[in-house]
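Student: Here is my input, please return the structure:
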Amino acid sequence: MKIRRSILTAAVLSAIFFLSGCNNLHEYYDDIPPSPPRNVKTVTGDNRVDIFWDRNPESDIAGYNVYFSYSYEGKYTLIGSTIKTSFIDAKAKNEITYYYGVTAYDYAGNESKLSDDVVYDTPRPEGFNQAVFDYRRSPNNSGYDFSKFLVVPYNDKAADFFFENYNGQYFINVWDDSDIQDMGATKDIWDISYAPMTGWVPIKPNENIKYVEAKVGNTYVIWTWDNHFAKIRVSNITRERMVFDWAYQLVEGNRELKVRNVPGERKSLPIRIEKNY
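Tutor: Model prediction:
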């Protein structure tokens, strides 16, 4: 009887231990998704968009998924995953607007809702170390046409601006059907994100040009005669020429030169999410 009682006691203890272990396993099972990433931002490039966001506060984050759509309420497609808090959409094309969202996922495979930030971007071409010359000395090489990325004569109908050395003082000129604004000193061409709504240089009486003083290190926004927006940053000036970096928005009327992030709330993760690009 002692032996049989001992076996019974052992069986009861084993069952209790097994049930207790199952309860502990249930306690450690993770079915709670992370919070959506916050402060998603983009930087516009030439046939690329750089995407950034804040690191999630959870300690078990395994990585992030990045999605894009052609409209805010449209179908979002997975374009990549990363363990970093940044991602480069190297397949983005100039002149096309992309909406972006980011999710976080943990080691248990739980994925958050799409980020709440309303973030969209329109890549545009850019160029560096371009030179134009003083229109009095070199009239055929003094203007620039953003639409064709070409140096043109200052009086060419497609010239968006031209350079002038007026008795040792340097100017960037646009014709009366265009606008220009000095945005001040910047560290690089990417500092100015968006073309302004106001503040354009007025035309003076009895003149057919508008102009600003050209300063090394300053960025200037130009509203072209055909309703496009561009920016140039002056990197060097000599008596004969001006060297600049530039960016030009291909979409007519689109003021986006780098990034525009609009505060807002995404109602929920879109119903359909594709996993291919």
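Student: Helices along this structure, start to end?
Tutor: Using DSSP state H, the helices of the chain run over residues 2-28.
Student: mind giving me the domain ranges of it?
Tutor: 1-30, 41-124+259-274, 127-248 (automatic domain parsing).
Student: Just to check, Phe161 is in contact with Tyr135?
Tutor: No. Contact criterion Cβ atoms under 8 Å: Phe161 and Tyr135 do not qualify, at 10.5 Å. Just so you know, the C-beta spots here come from the backbone N, C-alpha and C atoms, and that holds for glycine as well.
Student: shared neighbours, those two?
Tutor: Common neighbours of Phe161 and Tyr135, using Cβ atoms under 8 Å, 6 or more residues apart in numbering, are 143, 173.
Student: Compare those two (neighbour count), which wins?
Tutor: Phe161 (29 against 21; other Cβ atoms under 10 Å).
Student: Which pLDDT does the model give the nearest residue to that one once chain neighbours are set aside?
Tutor: Distance criterion Cβ to Cβ, 6 or more residues apart in numbering; nearest residue to Phe161, sequence neighbours excluded, is Val174 at 4.9 Å. Val174 is assigned a pLDDT of 98 by the prediction.
Student: Ok, Gly109 next?
Tutor: 94.
Student: Please apply the same query to Asn276.
Tutor: Asn276 is given a pLDDT of 38.
Student: How about Pro263?
Tutor: 40.
Student: beta partners for the residue nearest to Phe161?
Tutor: Beta-bridge pairing for Val174 (DSSP bridges): Lys210.
Student: now swap in the one 5 residues further on and tell me
Tutor: Using DSSP bridges, the bridge partners assigned to Asp179 are Trp223.
Student: Then Thr82?
Tutor: Tyr64.
Student: One more: Gly143?
Tutor: Val152, Phe162.
Student: Please tell me how far it sits from Asp160.
Tutor: Distance from Gly143 to Asp160, counting by Cβ to Cβ, to the nearest Å: 7 Å.
Student: cool, and Ala214?
Tutor: Taking Cβ to Cβ, one finds Ala214 at 15 Å from Asp160.
Student: Show me which of the two is the more surrounded one.
Tutor: In this view Ala214 and Asp160 are compared by other Cβ under 10 Å, and Asp160 has more residues nearby, 25 against 21.
Student: thought the more buried one was touching Tyr144?
Tutor: Yes. Asp160 lies in contact with Tyr144 (Cβ under 8 Å); the separation is 6.0 Å.
Student: Residues that sit against both of those two, list them.
Tutor: Contacts common to Asp160 and Tyr144, judged by Cβ under 8 Å, 6+ apart, are absent.
Student: burial measure for the closest residue to Glu126 other than its chain neighbours, as a count.
Tutor: Excluding the flanking residues, the one nearest Glu126 by Cβ to Cβ, 6+ apart is Ala247, at 4.2 Å. Using other Cβ under 10 Å, the number of residues around Ala247 comes to 24.
Student: so what's Ala247 scoring on pLDDT?
Tutor: On the pLDDT scale, Ala247 gets 95.
Student: If it is in a bridge, with which residues?
Tutor: Those that pair with Ala247 in a beta bridge, by DSSP bridges, are Glu126, Lys231.
Student: same question for stretch 29-48, mean pLDDT?
Tutor: For stretch 29-48, the per-residue pLDDT averages 92.
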